[in-house]
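Student: how would this look folded up:
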Amino acid sequence: PPSLAQAPLWQPPTGLAFPCLFQALHQLYYDPNIENKNLAQKWLMQAQVSPQAWHFSWLLLNMDKVPEIQYFGASALHIKISRYWNDIPADQYESLKSQLFTQITRFAGGSKIVLTRLCVALASLALSMMPEAWPCAVADMVRMFQAEDSNVDGRARCLALLELLTVLPEEFQTSRLPQYRKGQVRSVLAQECGSVFPLLEQLLQQQDSPGFIKQKVLKCFSSWVQLEIPLMDCENLIQAAFTSLQDPELFDTAVEAVVNAISQPDAQRYVNTLLKLIPPVLGLQEQLRQAVQSGDMETSHGICRIAVALGENHSRALLDQVEHWQSFLALVNMIMFCTGIPGHYPVNETTSSLTLTFWYTLQDDILSFEPDKQAVYQQVYRPVYFQLVDVLLHKAQFPSDEEYGFWSSDEKEQFRIYRVDISDTLMYVYEMLGAELLSSLYDKLGRLLTNTEQPSTWQHTEALLYGFQSIAETIDVNYSDVVPGLIGLIPRISISNVQLADTVMFTIGALSEWLADHPVMINNVLPLVLQALGNPELSISSVSTLKKICRECKYDLPPYAANIVAVSQVRTSQCMWLMQALGFLLSALQVEEILKNLHSLITPYIQQLEKLADETPNPSNKLAIIHILGLLSNLFTTLDISHHDDDHESNEVKKLPVQQGPNPVVVVLQQVFQLIQKVLSKWLNDAQVVESVCAIFEKSVKTLLDDFAPMVPQLCEMLGQMYSTIPQASAIDLTRQLVHIFAHEPAHFPPIKALFLLVTSVTLTLFQQGPRDHPDIVDSFMQLLAQALKRKPDLFLCSNLDVKAVFQCGVLSLKFPEAPTVKASCGFFTELLPRCGEIAPVGQVVHENGKVLLQAVLEGVGGQASRSLMDHFAEILFALNKHCFSYLSVWIKEAMQQESFPSARVSPEQKETFSQQILSRERVNKRRVKEMVKEFTLLCRGLHGTEYTADY
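Tutor: Residues are numbered from 1 along each chain as shown. Take a look at the predicted model:
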């Protein structure tokens, strides 16, 4: 192609054929083979950014081409202008501009998609040229298209101009202009609206303007208001848009225009204009009522959006206008109408959900005033918020059973989410209305349940309870004087329906802390919960409620324990949670009672497990085994007779007499130990079964802590046999747990020490065979080593622990591609390096092999490891600096002398700077060391100073 100096960029070169280009475009649009399409697309994307694109794009715009090919030409032009502006010599701006105007005029009556792309290209050109190279760009555009041109129909010219004016602000929003230019161009465009708005007003007011022109005008206005144009300059067009709302054809576009104009952040500065907008918004109420009556959801939705946009974005500014309080209150009442719009969400209406955020905003604004002013507003708005609660609870009501039966699962899910949003709003409103809100709900519920003349629907009762539950779930209602009455009312509810039963359950659950302080009331509600356990449809709500009661009220439940355990032997989808509930319950009993209940509770499962242990392994009995092991894990998670859980809650815990004899969990574990070993012997190859076995012991160790001691010897022996046969990560994790809890128990530690050494030795052998296929084992092993160094560093003094081999495994693990494994390895080294001084074998290994560690760390920083891990590598450098400084200063110098190390992208000077920084006085500041490493890793990756790393 000719060089820039020879010919302007947009003069089609003569004699150049582009067969490849047409072939690729044909493939992209018409080839049914998806691979060919993808190849063509890739090739064409490269073609669009090539220097030749300046030439072929004009060729493709020829009128004899199909629109798809013309579109590609116009797109290529836009890409060249927007991304390669600096390729264009300044003396060619004018001819490029006039060529684009010519093309837009040619396409004014042609293909819409090509016209739009050409307008976007000209818009991009204008943004790059204004204000110096093209001072009055927008006014020029208007003038050019208003000039008579006999070849092009006036209406088509008008549409082309509107398209150009619409895409100009849109192109500005997405343009790649530097920040300083963006501010400059924005203010130029805002001034130029003086050339645009009068034209738009004129087109809207002309009687003979066709609908499609008016629609385009409103879209254009919508686009311009997002440039933060002063609201008062938009006043006439906003009023015109309000008028257009009466025209069904223009309604949607007019809504968009009004909402965009009102919602721009800058609008709140123009309070007088905002006040002028309230009457036209209120004027839409009749149209809104008619739309609701005729079931026109689109219209009611649009009007609601306008009212909410004004209220939500400007409530503070409008509340401040005290003398206009009545007109703002009228707007608030209009929004209230939208919140309570008749019909069930989301089937008969989709509007009410739009309004919920408004009520949060209004409440925040009222409560942010100083006390005197706040008191005045509270007087006006408290009644409004009480009305809101009634409206929301009405909207939260379920439809009739028959109607609900016709809803799709998607509609039911949307309704569930909508009710959660209502619940959140009620909880928020409690801050404004306080205890009076609970009293009001209680009074309504009382009247409803005691009125024998007019029996209420279950939906009404359920919604009131739901309101109560929403508040009680998150707000401390222990001081409320209406809760005793509510607990008294609950048994009077005739539960005829699953939704109502669920809400009753969740309400009781929300009051479980209150019940713990008022145990005499437990008997009022517990029978309801136990009865619901038998209904599979209520399994989630009844089990979660029982779990809350057993956790909060366990010291008051012994009289009911036998009954609860008996009822709990139902088959339920929530059996894991149910086991946790029973764990809490049993924790508060005497040991012999616990053992008796445990016996009746788990014997059936143990018998089942014995049967399964004799069977040949297959997928179905595997699931059954995992299920039973899971039940035991969940039971032992919460069964804690030492009440470790209570220590952090209150000092006045009702402590039971100190238990004598072995812990019940240990008794059970010892009884089933051989059975578990039998299961393991058959399933040792299966990671999930091994994991489930380990989980039982891990949960028990975590809950029992020192009480687990009697089990330690046999568990260590079993873990050792398991791990020696087939190493699995879950066995290492359990070993780590034992090290953590029993590190300072000389009486119980010997078997754990032996297990630790065995696991280490087996894992070292695994490393020799090739650990790449076992990142999970390596990860767990590194965590075990770190835990040992933290809790029991003298393990590293054992003569049969090969510290050097362990160190080398750590270095190898730093090079794994799996981020969690690398992170665990970094954790190991940050625990190991501080022990150089106190543990001789560690000191010796680090001094002899530390350079290899540094080499691995620098490789990671140089680009071998993920950037998200850099802080962890920095921790190792920080520890090396602190504990081996004299060695590090030699090692880093030697390492950095290697060519292209740690990356070919860094120069010797940059490497020297980094080394000096690391060894400087700032080395004692961990945050600074992390910053140095981040900076250096960007240099090593060639990313320094790119926008790609802006938030790194």
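Student: when you work out contacts or count neighbours from here on, use the C-alpha atoms and nothing else.
Tutor: Noted.
Student: ok, and what's touching the helix or strand in which Leu680 is found?
Tutor: In the assignment (DSSP states H and E), Leu680 maps to helix 664-683. Contacts to helix 664-683, defined as C-alpha atoms under 8 Å, 6 or more residues apart in numbering, come from residues 591, 594-595, 606, 609-610, 613, 617, 636, 639, 689-690, 693, 700, 708, 710-711, 718.
Student: next, name the residue at the spatial heart of this protein.
Tutor: Against the mean C-alpha coordinate of the chain, by C-alpha atoms, centre = their mean, the closest residue is Ile417 at 16.3 Å.
Student: could you give the mean pLDDT of the strand or helix carrying that one?
Tutor: Assessed by DSSP H and E, Ile417 sits inside helix 409-433. Taken as a whole, helix 409-433 has a mean pLDDT of 96.
Student: for it, buried residues please.
Tutor: 412, 415, 418-419, 421-430, 432-433 (16 or more other C-alpha atoms under 10 Å).
Student: just stretch 498-513 next, same as before
Tutor: So, applying 16+ other C-alpha under 10 Å, buried residues of stretch 498-513: 499-513.
Student: and the strands in the stretch 701-850 of the chain, which stretches?
Tutor: Secondary structure of the stretch 701-850 of the chain, counting by DSSP state E, counting those that start in this stretch: no strands present.
Student: and Val565, what pLDDT?
Tutor: What the model reports for Val565 is a pLDDT of 91.
Student: so it is in which element?
Tutor: Counting by DSSP H and E, Val565 is found in helix 561-567.
Student: could you export the helix holding Leu680 as CSV, CA atoms only?
Tutor: C-alpha atoms of helix 664-683 as CSV (Å, rounded to 0.1, in the frame of the first residue of the first chain):
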residue,chain,number,x,y,z
PRO,A,664,-19.3,-40.6,76.2
VAL,A,665,-18.0,-39.8,72.7
VAL,A,666,-14.8,-41.6,73.6
VAL,A,667,-16.8,-44.6,74.9
VAL,A,668,-18.7,-44.8,71.6
LEU,A,669,-15.6,-44.3,69.5
GLN,A,670,-13.9,-47.1,71.4
GLN,A,671,-16.9,-49.4,70.9
VAL,A,672,-17.0,-48.8,67.1
PHE,A,673,-13.3,-48.5,66.6
GLN,A,674,-12.8,-52.1,65.3
LEU,A,675,-15.8,-51.7,63.1
ILE,A,676,-14.3,-48.5,61.6
GLN,A,677,-11.0,-50.4,61.0
LYS,A,678,-12.9,-53.1,59.3
VAL,A,679,-14.6,-50.6,57.0
LEU,A,680,-11.3,-49.0,56.3
SER,A,681,-9.6,-52.2,55.4
LYS,A,682,-12.0,-52.7,52.5
TRP,A,683,-12.2,-49.1,51.4
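Student: please enumerate the helices of the stretch 751-900 of the chain.
Tutor: In the stretch 751-900 of the chain, the helices defined using DSSP state H, counting those that start in this stretch lie at 775-791, 803-813, 819-832, 840-859, 870-883, 885-896.
Student: which stretch among those comes nearest Leu274?
Tutor: helix 870-883 (50.8 Å; C-alpha to C-alpha).
Student: for that closest one, name the packing helices and strands.
Tutor: helix 819-832, helix 840-859, helix 926-941 (3 or more C-alpha pairs under 8 Å, 6 or more residues apart in numbering; DSSP states H and E).
Student: any idea which helix or strand carries Asp64?
Tutor: Applying DSSP H and E, one finds Asp64 in no helix or strand.
Student: equivalent analysis for Phe72, please.
Tutor: Here Phe72 sits within helix 67-83, counting by DSSP H and E.
Student: packing partners for that helix?
Tutor: Helix 67-83 packs on helix 34-49, helix 53-60, helix 112-129, going by 3+ C-alpha pairs under 8 Å, 6+ apart.
Student: just how off-centre is that helix within its chain?
Tutor: Remark: helix 67-83 is offset 37 Å from the chain centroid, using C-alpha atoms, centre = their mean, to the nearest Å.
Student: and whichever helix or strand comes after that helix, how far out from the chain middle?
Tutor: Next along the chain after helix 67-83, taking DSSP H and E as the criterion, comes helix 93-107. From the chain centre to the centre of helix 93-107 is a distance of 47 Å (C-alpha atoms, centre = their mean).
Student: same check, this time on stretch 602-612
Tutor: 42 Å.
Student: do stretch 464-478 as well
Tutor: 26 Å.
Student: how about that stretch: buried residues?
Tutor: Across stretch 464-478, burial judged by 16+ other C-alpha under 10 Å covers Leu464, Leu465, Tyr466, Gly467, Phe468, Gln469, Ser470, Ile471, Ala472, Glu473, Val477, Asn478.
Student: what about Gln268, distance to Lys412?
Tutor: 39 Å (C-alpha to C-alpha, to the nearest Å).
Student: chain center to the helix holding Leu680: distance?
Tutor: Worked out by C-alpha atoms, centre = their mean, helix 664-683 lies 42 Å from the chain centre.
Student: then stretch 878-896?
Tutor: The answer for stretch 878-896 is 41 Å, by C-alpha atoms, centre = their mean.
Student: got a list of contacts for that stretch?
Tutor: 830, 833-834, 836-837, 847, 851, 854-855, 901-902, 911-912, 915, 918-919, 923-924, 926, 929.
Student: buried subset of these, written for ChimeraX?
Tutor: If you want just the buried ones from these in ChimeraX, going by 16+ other C-alpha under 10 Å, the selection is:
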select :830,833,834,836,851,854,855,901,902,911,915,918,919,923,926,929
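Student: remind me what the lengthiest helix in the chain packs against, helices and strands.
Tutor: Longest helix in the chain by number of residues (criterion: DSSP state H): helix 179-205. If contacts are counted by 3+ C-alpha pairs under 8 Å, 6+ apart, helix 179-205 sits against helix 137-146, helix 211-225, helix 235-244.
Student: what would these look like in TSV with distance to Asn881, mean pLDDT and mean neighbour count?
Tutor: What follows is the helices and strands packed on helix 179-205, written out as TSV (distance: least, C-alpha to C-alpha, whole Å; pLDDT from 0 to 100; neighbours: other C-alpha atoms under 10 Å):
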stretch	distance to Asn881	mean pLDDT	mean neighbour count
helix 137-146	61	88	17
helix 211-225	58	95	22
helix 235-244	66	95	19
